[in-house]
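Undergrad: Provided below are the primary sequence and the corresponding predicted coordinates.
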Amino acid sequence: MLEPIIAPSILSADFARLGEEVDNVLAAGADWVHFDVMDNHYVPNLTIGPMVCEALRKHGVTAPIDVHLMIQPVDRIIPDFAEAGATTISFHPEASEHPHRTIQAIRAAGCQPGLVFNPGTSLNYLDWLLEDIDLVLLMSVNPGFGGQKFIPSTLDKLREARRRIDASDREIRLEVDGGIKADNIAEVAAAGADTFVAGSAIFGADDYATVIKRMREEIAGAGR
Ligand SMILES: O=C(CO)[C@@H](O)[C@H](O)COP(=O)(O)O
């Protein structure tokens, strides 16, 4: 099992003070910055794009930026995000007409490709794509908004994704996103996740360091 990664979703940060918020959450012990891109087409909300990613890099953010594309079409924005400093770029396979081509485009742009699965999307896309990606992201809410409740069937799906990843000899991260809190992160870790996105649970806390520390303790105690 890979070392756990905590990736706060900046969707729940104060956008008026984004650079400071990202600095604070990284200083509080976060590993990655989770960057949610919504287009008001594939999902019913509109957020941020490559210019904001580039602005965070110019601000001095050196931590990995984990870009989650909730957009359709997917491919034409990939070079822009790569140039803006994205580390991983994950997309929803059903939003791309040619998911394998999209994965190749992300890799060719110098980023790590990931596939994202909505609660209702089958893992069957992994049958022929797992060996080409570096990250599997399971949504534990329907994408579009922060602050939603964790969907419990994600636990079985995580176990199935873990089984598939363990059958591969490549290093592939298993990320989970949606309704992750200090109170449920242990069961999510026990089900096989190694990378944890949390928005409201971290940015809604008075003290980011305390909640991140508690999350790490819960993960460590989960008997992974
Ligand atoms: O991608 C999304 C929502 O579409 C997530 O990254 C949320 O931003 C997570 O927020 P919380 O459920 O942790 O508040």
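TA: Great, that's in hand.
Undergrad: residues from the chain in reach of the ligand?
TA: Proximity of the chain to the ligand, by CB under 6 Å from any ligand atom, involves residues 9, 11-12, 34, 36, 68, 141, 143-148, 177-180, 197-201. Where C-beta positions appear, they are placed from N, C-alpha and C, glycine not excepted.
Undergrad: now with 5 Å?
TA: When proximity is defined by CB under 5 Å from any ligand atom, the chain lies next to the ligand at 9, 11, 36, 143, 146, 147, 177, 178, 179, 198, 199, 200.
Undergrad: And for the fourth one, the neighbour number?
TA: Number of residues near residue 143 (other CB atoms under 10 Å) recorded here: 20.
Undergrad: Residues in contact with the helix or strand hosting residue 156: which ones?
TA: Per DSSP states H and E, residue 156 falls inside helix 154-166. Identification of contacts with helix 154-166 by CB atoms under 8 Å, 6 or more residues apart in numbering yields 117, 119, 123, 126, 130, 136, 138-140, 172, 174, 176, 178, 187-188, 191-193.
Undergrad: In helices only, show me the residues you listed.
TA: 126, 187, 188 (DSSP state H).
Undergrad: one step back: among the residues of the chain next to the ligand, which ones are buried?
TA: Buried members of those, scored by 16 or more other CB atoms under 10 Å, are 9, 11, 36, 143, 146, 177, 178, 179, 198, 199, 200.
Undergrad: Filter the ones in helices among the contacts of helix 154-166 down to the buried ones.
TA: 126, 188.
Undergrad: returning to that earlier point: please render the buried ones among the residues of the chain next to the ligand as CSV that adds distance to residue 90, secondary structure and pLDDT to the earlier fields.
TA: CSV is the format used below for those (distance: CB to CB, whole Å; DSSP: H, G, I helix; E, B strand; the rest coil; pLDDT from 0 to 100):
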residue, distance to residue 90, secondary structure, pLDDT
9, 13, strand, 98
11, 15, helix, 98
36, 10, strand, 98
143, 11, coil, 98
146, 17, coil, 97
177, 10, strand, 98
178, 14, coil, 98
179, 18, coil, 98
198, 16, strand, 98
199, 16, coil, 98
200, 20, helix, 98
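Undergrad: pLDDT wise, what is the nearest residue to residue 52 once chain neighbours are set aside at?
TA: In space, residue 52 comes closest to residue 18 once its chain neighbours are excluded; the distance is 7.2 Å by CB to CB, 6 or more residues apart in numbering. pLDDT recorded at residue 18 is 98.
Undergrad: ok, residue 18 - how many residues close by?
TA: Neighbours around residue 18, by other CB under 10 Å: 17.
Undergrad: Surely it and residue 12 touch.
TA: No. Taking contacts as CB atoms under 8 Å, residue 18 lies outside contact range of residue 12: 11.5 Å.
Undergrad: Provide the secondary structure category for residue 68.
TA: Judged by DSSP: H, G, I helix; E, B strand; the rest coil, the three-state class of residue 68 is strand.
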